[in-house]
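Undergrad: Task: produce atomic coordinates for the following.
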Amino acid sequence: MSGHGSPAPMIAAPTQGLSGTAEVPGDKSISHRALILGALAVGETRITGLLEGEDVLDTAQAMRAFGAEVTQLGPGAWSVHGVGVGGFAEPEQVIDCGNSGTGVRLIMGAMATSPITATFTGDASLNRRPMARVTDPLALFGAQAVGRAGGRLPMTIVGAADPVPVRYAVPVPSAQVKSAVLLAGLNAPGETVVIEQEATRDHTERMLAGFGAVIGTEETAEGRVITLSGQPELGPQTIAVPRDPSSAAFPVCAALVTPGSEVLVPTIGLNPTRAGLFTTLREMGADLAYENPREEGGEPVADLRARFSPDLKGIEVPPERAASMIDEYPVLSAVAACAEGRTVMRGVGELRVKESDRIAAMAAGLQACGVQVEEGKDWWIVHGRGAGGVPGGATCASHLDHRIAMSFLVLGLAAQQPVGVDDGGPIATSFPVFESLMCGLGADIRHAGSRERD
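TA: I've put the predicted structure just below:
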């Protein structure tokens, strides 16, 4: 059952020839950060291209609860009048972050070094996800957290009245943990230092610098060392959010596995800490081209052109690439099912604590569709059946996970028989126009029980 209503079963049927331009929504990660840092700045931040999915709208509502003035000016256009670093007010109501692990963890960090108390909750999926990975380092600043067993939501955070700066080595690659610590460090005196062994998406560091924070990054024997000077006055910014590479993954991958397809996805963010999927696809033999590379809003972008690629080959994805494509492994596994040979994915244990256990969810659904899968604690292997070789014909469980639902719908376009998902409702959390966009390209995706498209 969806966290925001009754289950919405969906089905995708074999399709020929996706074509056109896929105008995917704004980047979810950057949208969250733009709202939060806008709320921590002094003055008015203007944002264009903001993703207006449920996750980001929940973050906008949370910033209002903490005292910022957040206004929608038009489609994707928003204004945030911030309250300054340390200026958050204590919210009167529980903060509901819906399905968003990014939203709740970053907001916890942003308020943890102010002398206020806030209680957080979410939907059924989010309330199962572990929060100790964030609350443990926040405790080093002086914040206190009380939640359910296993460090799960609902959870109350009591912010530190007299925060101290910290030096923290992130134990597992996680941009959410790194970002929560950096946001907490904004209102701590002195320098807060975060050390990560593997580089994760660096949108927070880039955006902090853009808002005027003093932040530096150095590669050392310890790893990537990020140093932030606390208690700055952040200045308002004008932010153009690039299109989300994680959302672009779905029309791109659909074009690669659907016969006769050619799809252009314009203005996609190609931050090196996010572009691992596209590198992997090209190594598999995908006909995927970058056109018109440029920089917008401090982020590298390009237009992606994807064409049907019938000769895809399975590969071993380098484990060190996992951090740059962690959200894309589900849809990669759908592509791998349509490739020849084995695709091996290692070092991906983080997938087991996302919106769902994504390894288990994809393995079960792929096997139901006639694809052999092996899995372990932090690895899995998909035995591809080649172009047109996936039997399909199953209804797969989405486990309240938007990326699982979309990945199986992509697979259904290239399988021999339709592939369904038990609940497509969670797709709205990150990609509310997924169905209309894909159908606009020629995909046969619909709500189960509705009439087939003409």
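
Undergrad: Identify the residues contacting residue 273.
TA: 175, 199-202, 323-324 (CB atoms under 8 Å, 6 or more residues apart in numbering). For glycine as for every other residue, the C-beta is placed from the backbone atoms N, C-alpha and C.

Undergrad: Could you find the closest non-adjacent residue to it?
TA: When the adjacent residues along the chain are set aside, residue 273 lies closest to residue 201, with 4.2 Å between them (CB to CB, 6 or more residues apart in numbering).

Undergrad: how much space is there between that neighbour and residue 388?
TA: Here residue 201 is placed at a distance of 35 Å from residue 388 (CB to CB, to the nearest Å).

Undergrad: Comparing the two, which residue is more hemmed in?
TA: Taking neighbours as other CB atoms under 10 Å, residue 201 and residue 388 compare with residue 201 leading, 26 against 13.

Undergrad: So that one lies in a helix, does it not?
TA: No: the assignment for residue 201, made by DSSP: H, G, I helix; E, B strand; the rest coil, is coil rather than a helix.

Undergrad: List the residues that contact it.
TA: 29, 175, 271, 273-274, 323-324.

Undergrad: which element follows the helix or strand encompassing residue 435 toward the C-terminus?
TA: Using DSSP states H and E, residue 435 sits within helix 434-440. Toward the C-terminus, helix 434-440 is succeeded by strand 444-447 as the next helix or strand (DSSP H and E).

Undergrad: What strands line up against that next one, and which way round?
TA: The pairing partners recorded for strand 444-447 under DSSP bridges are strand 10-13 (antiparallel).

Undergrad: contacts for the partner strand?
TA: 395, 405, 408-413, 418-421, 424, 435, 443-448, 452.

Undergrad: Can I get that strand in PDB, CA atoms only?
TA: Provided in PDB are the C-alpha atoms of strand 10-13 (Å, rounded to 0.1, in the frame of the first residue of the first chain):
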ATOM      1  CA  MET A  10       0.400  -0.300 -13.200                       C
ATOM      2  CA  ILE A  11       1.500  -2.400 -16.200                       C
ATOM      3  CA  ALA A  12       3.900  -1.900 -19.100                       C
ATOM      4  CA  ALA A  13       3.500  -3.800 -22.400                       C
END
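
Undergrad: helices or strands up against the helix or strand following it?
TA: Once strand 10-13 ends, the next helix or strand along the chain (criterion: DSSP H and E) is strand 19-21. Contact analysis of strand 19-21 by 3 or more CB pairs under 8 Å, 6 or more residues apart in numbering; DSSP states H and E lists strand 262-269 as its packing neighbours.

Undergrad: pLDDT averaged over the strand it packs on - what is it?
TA: Looking at strand 262-269 alone, the average pLDDT works out to 95.

Undergrad: buried sites along whichever helix or strand comes after that strand?
TA: As assigned by DSSP H and E, the chain's next helix or strand after strand 262-269 is helix 276-283. Residues 276-278, 280-281 are the ones in helix 276-283 that count as buried (16 or more other CB atoms under 10 Å).

Undergrad: okay, those residues in TSV with pLDDT and distance to residue 369 next?
TA: Shown next, in TSV, are those (pLDDT from 0 to 100; distance: CB to CB, whole Å):
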residue	pLDDT	distance to residue 369
276	96	25
277	98	21
278	97	25
280	98	21
281	98	20
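
Undergrad: Quick one: those as a markdown table, columns for distance to residue 296 too.
TA: Shown next, in a markdown table, are these (distance: CB to CB, whole Å):
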| residue | distance to residue 296 |
| --- | --- |
| 276 | 21 |
| 277 | 20 |
| 278 | 18 |
| 280 | 24 |
| 281 | 23 |
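
Undergrad: thinking again about what came up before, among the contacts of strand 10-13, the buried ones, what's the PyMOL command?
TA: Buried residues among the contacts of strand 10-13 (16+ other CB under 10 Å), as a PyMOL selection:
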select buried, resi 395+405+408+409+410+411+412+413+418+419+420+421+424+435+443+444+445+446
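
Undergrad: For residue 256, which three-state class applies?
TA: With three-state DSSP as the basis, the three-state label of residue 256 is helix.

Undergrad: Count the residues that sit near it.
TA: Residue 256 - counted by other CB under 10 Å - has 29 other residues nearby.

Undergrad: doesn't residue 309 make contact with it?
TA: Yes: between residue 256 and residue 309 there is a contact under CB atoms under 8 Å: 4.8 Å.

Undergrad: joint contacts of the two?
TA: Both residue 256 and residue 309 are in contact with 286-288, where contact means CB under 8 Å, 6+ apart.

Undergrad: what's downstream of the strand or helix carrying residue 59, the next helix or strand?
TA: Assessed by DSSP H and E, residue 59 sits inside helix 54-65. Sequence-wise, the next helix or strand downstream of helix 54-65 (DSSP H and E) is strand 69-74.

Undergrad: between that next one and helix 54-65, how big is the angle?
TA: Here strand 69-74 points in a direction 140 degrees away from that of helix 54-65 (axes from the mean of the first three to the mean of the last three CA atoms, to 10 degrees).

Undergrad: Please work out the average pLDDT along strand 69-74.
TA: The average pLDDT within strand 69-74 is 98.

Undergrad: what about the closest residue to residue 142 other than its chain neighbours, is that helix, strand or coil?
TA: Sequence neighbours aside, residue 160 is the residue nearest to residue 142 in space, at 3.1 Å (criterion: CB to CB, 6+ apart). The local conformation at residue 160, judged by three-state DSSP, is coil.

Undergrad: so residue 160 touches residue 115, yeah?
TA: Yes: with contact defined as CB under 8 Å, residue 160 reaches residue 115; the gap is 7.3 Å.

Undergrad: more neighbours, the two?
TA: With neighbours defined as other CB under 10 Å, residue 160 and residue 115 compare such that residue 160 has more, 21 against 16.

Undergrad: just for the stretch 151-300 of the chain, where's the confidence low?
TA: The model of the stretch 151-300 of the chain has pLDDT under 70 over residues 297.

Undergrad: can you pull out the helices in it?
TA: Counting by DSSP state H, counting those that start in this stretch, the stretch 151-300 of the chain has these helices, from start to end: 175-185, 203-210, 245-257, 276-283.

Undergrad: Serialize those to TSV and add fields for distance to residue 224.
TA: Below are those laid out as TSV (distance: least, CB to CB, whole Å):
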stretch	distance to residue 224
helix 175-185	9
helix 203-210	10
helix 245-257	21
helix 276-283	16
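
Undergrad: Quick one: closest of those helices to residue 102.
TA: helix 175-185 (5.7 Å; CB to CB).

Undergrad: helix or strand for the residue nearest to residue 316 when sequence neighbours are not counted, which one?
TA: In space, and not counting its chain neighbours, residue 316 is closest to residue 344: 4.2 Å by CB to CB, 6+ apart. Element membership of residue 344, judged by DSSP H and E, is strand 340-346.

Undergrad: Great, nothing more from me.
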